[in-house]
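K.L.:
For reference, the sequence and a predicted model appear below.
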Amino acid sequence: MYSHQWLNGDEIKLPTGKVVCIGRNYVEHAQELNNPVPDEPVLFIKPSTALVGTASDVVLQAALSPIHYEAELSVLIDKPLTHASADEVREAIVGVGVALDLTRREAQSALKEKGLPWEIAKAFDGSCVQSPFVHMGETDDLAALQYGLDINGASRQRGDTSLMITPVISLICHLTQYFTLLPGDIVLTGTPKGVGQLNDGDALTLSLSGETVAQFNCVES
Ligand code: ZN
């Protein structure tokens, strides 16, 4: 069973909530998938059942393959937020981590073409791989954070929040116009360029501000 963890292994005493995500928050990622850069954030939700941790192998369900990775800065919320102001958002952010927004890209493309919802491509069980969180102080600068994904020792994605189309605080203000965030909910803030497919046996490292926050292997089953 997933539960939120701090980097030192302590459990975070918050429920496992929903995950609110943004599509296309980096220009170069929109371009690599031949998507237009949106005027307004593209939002979607993964249920709490999508969350898995990084303490053991991440299982890639063969029946759902191929599965692609998107490494994203993730933000943990500890206060209710509805129509939130920037100050309210800053006060509610308790931790930051790195997550993989796992995506069945072929299924998603087929659904998008037909104008259908994406859930079976984006919100399936295990589709949000979440690292432990690092404490976030109110004075820490969310607008200048670097994070990354290495696979089998090679750098695959590098994110920098200063390059986001919609910065983290503005993004959360915006999404709470539609969706109330509750303590224990997570926000995924969009993937930089470099997305690709995961394979059986891949060894992944997620890093935040130059520090490793998760290391695990992918196993197809
Ligand atoms: Zn994503």
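P.N.:
That came through, no problem.

K.L.:
His174 and Pro167 touch, don't they?
P.N.:
No. If you go by Cβ atoms under 8 Å, His174 and Pro167 don't touch, sitting 10.4 Å apart. For every residue, glycine as well, the C-beta is placed using N, CA and C.

K.L.:
burial of Gly210, as a residue count?
P.N.:
Neighbour count for Gly210, taken as other Cβ atoms under 10 Å: 8.

K.L.:
and what of Leu182?
P.N.:
Leu182 has 16 neighbours, counted by other Cβ under 10 Å.

K.L.:
Identify each buried residue in stretch 8-17, please.
P.N.:
Neighbour counts using 16 or more other Cβ atoms under 10 Å place 12, 14, 16-17 of stretch 8-17 among the buried residues.

K.L.:
Equivalent analysis for stretch 120-130, please.
P.N.:
Neighbour-count burial for stretch 120-130 [16+ other Cβ under 10 Å]: 121-124, 126-130.

K.L.:
what residues does the protein put near the ion?
P.N.:
Residues of the chain found near the ion (Cβ under 5 Å from the ion) are 70, 101, 191.

K.L.:
tell me which residues in the least confident helix or strand in the chain by mean pLDDT are buried?
P.N.:
One helix or strand of the chain scores below all others by mean pLDDT, DSSP states H and E: helix 27-32, with a mean of 88. Residues of helix 27-32 classed as buried by neighbour count (16+ other Cβ under 10 Å): 29-30.

K.L.:
How many residues are close by Ala143?
P.N.:
Ala143, neighbours per other Cβ under 10 Å, totals 13.

K.L.:
now swap in Val37 and tell me
P.N.:
Residues lying near Val37 (other Cβ under 10 Å) number 13.

K.L.:
just Leu64 next, same as before
P.N.:
Neighbourhood size, Leu64 [other Cβ under 10 Å]: 17.
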